[in-house]
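**Q** Here is my input; please provide its structure:
(one chain, ligands or ions: 1)
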Amino acid sequence: MGRRFNRVLARLRKDFQLSIICLMGFFGVLGISPYAVYRLSQGNYAVGIADAIIVLSTLFAMGYAWRTGDTRKPGLCLMVVASLCATLIVIKLGINGLFWIYPLILLNFFMVPPLLALLATVAVLVALVAYSRLIPGTVFESDYQMLSFIVTAMLSSTLSFIFAQRASYQRKQLQSWATRDALTGARNRRVMDQELKIAVANKRRHHISSAVLVIDMDHFKQVNDRFGHAVGDQVLVSFVELTNRCFRHEDRLFRFGGEEFLLLLCNTSEKGLRAAALQLQAQIAEHLKSPGGPVTVSMGGAVLYGNERWQDWLQRADHQLYEAKRAGRNRIHIDTYQVVEMA
Ligand SMILES: Nc1nc2c(ncn2[C@@H]2O[C@H](COP(=O)(O)OP(=O)(O)OP(=O)(O)O)[C@@H](O)[C@H]2O)c(=O)[nH]1
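**A** Numbering: from 1, shown residues only. Alright, predicted model coming up:
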């Protein structure tokens, strides 16, 4: 029981969006359901049903997000349901309902991207103002009250928008720092281990074969020694740009060590791996240069076997790289001990 509770807490701590949806679920039940019961008992069915819909949809969103791990769709659904129901509640309750618009503004900024949340808030305000104009005497008690409400609601939305934009930018930046190599922008070693594990799981569950290509610059020390570290850095950056241009969106390039990279090719057979390696080699021969002339690379590749551990898969590719270096560099060795050499 205690361990289960700790697991739940750990998951909530790790997934911010899920924790917000769950918080809304609890708040929906504890904070809004008494209102739903009260309104229904008073015969105010429209508002009571709107409250009940909010409660049920937050519970449904919470369950869906918890089961699937997808927080985007439940977030969007909650935003739409809460905005529509809050509008209806304000129309029915007038000034007493207006207070609910402020938590709604915050909720939307927690649930969906900032621009969408801002648009949802503006849509709610427009709907309320339009309704009060169409049927005078409803929603607002005076024009002054309406104006005060619009100004305060827009101010709250704009400040929330700025805050949410800033938080989103900082989150992306943190994510990039945690997953990308600072010099080249290639993914880092930490993400590489995770992605290799995912590839192994995909092979076991769905029989999707993946391949890796370990790539190492040839005689890179000489580039540094002759032209300086900054030039060496630039060669590494150019290599990553070139490789990213060459491959499919779903393929992943990781910086494995100093001048060593790993390319993970999804859904790729040995034939595909060989073709990809040759294509990369041709592109490098044409475009990758240092002031001393063309820069070459050696490559070792391996296709994942069924039931293989990712460490063994990587080791096979690494061993092929070692063989390519030993055979004279600027070569591709794939783990069937067939050698494809540059003419
Ligand atoms: N400029 C630059 N150089 C780096 C970086 N990381 C590693 N290196 C250099 O890469 C070089 C690797 O040297 P070695 O391991 O001897 O390999 P090599 O000279 O490429 O020789 P082979 O791999 O055997 O062909 C070293 O000089 C490292 O300082 C980096 O981020 N920037």
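**Q** and the stretch 51-200 of the chain, which residues reach the ligand?
**A** L183 (CB under 6 Å from any ligand atom). Glycine gets a C-beta too; all of them are placed from N, C-alpha and C.
**Q** For this protein, which segments count as helices?
**A** 2-14, 16-27, 33-41, 45-68, 72-93, 95-98, 101-111, 114-134, 143-179, 189-206, 220-227, 229-246, 270-287, 310-326 (DSSP state H).
**Q** avg pLDDT for the second one?
**A** Right, the one you point to is helix 16-27. Helix 16-27 comes out with an average pLDDT of 87.
**Q** on that earlier part again, can you list the helices of the chain in JSON lines and add mean neighbour count?
**A** What follows is these, written out as JSON lines (neighbours: other CB atoms under 10 Å):
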{"stretch": "helix 2-14", "mean neighbour count": "10"}
{"stretch": "helix 16-27", "mean neighbour count": "18"}
{"stretch": "helix 33-41", "mean neighbour count": "15"}
{"stretch": "helix 45-68", "mean neighbour count": "19"}
{"stretch": "helix 72-93", "mean neighbour count": "20"}
{"stretch": "helix 95-98", "mean neighbour count": "16"}
{"stretch": "helix 101-111", "mean neighbour count": "21"}
{"stretch": "helix 114-134", "mean neighbour count": "17"}
{"stretch": "helix 143-179", "mean neighbour count": "13"}
{"stretch": "helix 189-206", "mean neighbour count": "15"}
{"stretch": "helix 220-227", "mean neighbour count": "15"}
{"stretch": "helix 229-246", "mean neighbour count": "16"}
{"stretch": "helix 270-287", "mean neighbour count": "17"}
{"stretch": "helix 310-326", "mean neighbour count": "18"}
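**Q** out of the ones you listed, which comes closest to T336?
**A** helix 270-287 (6.6 Å; CB to CB).
**Q** Show me what the closest one packs onto, helices and strands only.
**A** strand 211-217, helix 229-246, strand 260-265, strand 297-303, strand 331-334, strand 338-341 (3 or more CB pairs under 8 Å, 6 or more residues apart in numbering; DSSP states H and E).
**Q** Out of these, the one nearest the ligand is which?
**A** Closest approach to the ligand among those (CB to the nearest ligand atom): helix 229-246, 2.6 Å.
**Q** nearest to G293, of the helices of the chain?
**A** Among these, helix 220-227 sits nearest to G293 (CB to CB), with 10.0 Å.
**Q** ok, back up a step: which one of the helices and strands packed on helix 270-287 has the poorest average confidence?
**A** Looking at those, the weakest mean confidence is strand 338-341, a mean of 45.
**Q** what sits against the nearest residue to L264 once chain neighbours are set aside?
**A** In space, L264 comes closest to R252 once its chain neighbours are excluded; the distance is 4.4 Å by CB to CB, 6 or more residues apart in numbering. For R252, the contact set (CB atoms under 8 Å, 6 or more residues apart in numbering) comprises R187, M192, E195, L263, L264, C266.
**Q** do V151 as well
**A** So V151 contacts nothing (CB under 8 Å, 6+ apart).
**Q** And it, how far from the ligand?
**A** 54 Å (CB to the nearest ligand atom, to the nearest Å).
**Q** Quick check, pLDDT for that residue.
**A** pLDDT for V151: 96.
**Q** just the one 5 residues further on next, same as before
**A** At S156 the predicted local distance difference test score is 96.
**Q** and the residue of the stretch 51-200 of the chain found nearest the ligand, how many neighbours?
**A** Nearest to the ligand, among the residues of the stretch 51-200 of the chain, is L183, at 5.5 Å (CB to the nearest ligand atom). Residue neighbour count, defined by other CB atoms under 10 Å, stands at 12 for L183.
**Q** Since that was my last question, I'll sign off now.
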